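[1] prediction below, plus the sequence it came from.
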Amino acid sequence: MSLSIRPAALDETSVLLELIALSARGLSAGYYTPAETESAIKYVFGVDTQLITDQTYLLLRKTG
């Protein structure tokens, strides 16, 4: 197994939002109620598209 790093693309925003939601749900379990977690996903967490435009939003991918 190897890892590769590359800048994210704007057309990947929807997939990134899905990953953020999965991560938030998993990491908040036991600390926040489901309603609090869903509210944070809706109003707090998100993808900073300026970082994608600047090519400083990076993705780590497992390859091989």
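    Cool, the structure landed.
[2] for the helix ranked longest in the chain, packing partners?
    Assignment by DSSP state H gives helix 13-28 as the longest helix of the chain. Contact analysis of helix 13-28 by 3 or more CB pairs under 8 Å, 6 or more residues apart in numbering; DSSP states H and E lists helix 34-43 as its packing neighbours. For glycine as for every other residue, the C-beta is placed from the backbone atoms N, C-alpha and C.
[3] ok, and what's touching the helix it packs on?
    Residues outside helix 34-43 that contact it (CB atoms under 8 Å, 6 or more residues apart in numbering) are 20, 21, 24, 25, 28, 29, 32.
[4] filter those to the buried ones?
    21, 24, 28 (16 or more other CB atoms under 10 Å).
[5] quick one: buried residues of stretch 29-42?
    By 16+ other CB under 10 Å, the buried positions in stretch 29-42 come out as 37, 41.
[6] what residues sit buried inside stretch 8-26?
    Judged by neighbour count using 16+ other CB under 10 Å, the buried positions of stretch 8-26 are 8, 16, 21, 24.
[7] what does it contact?
    Under the contact criterion CB under 8 Å, 6+ apart, stretch 8-26 has outside partners 37, 40, 41, 45, 46, 47, 49, 52, 53, 57, 58, 59.
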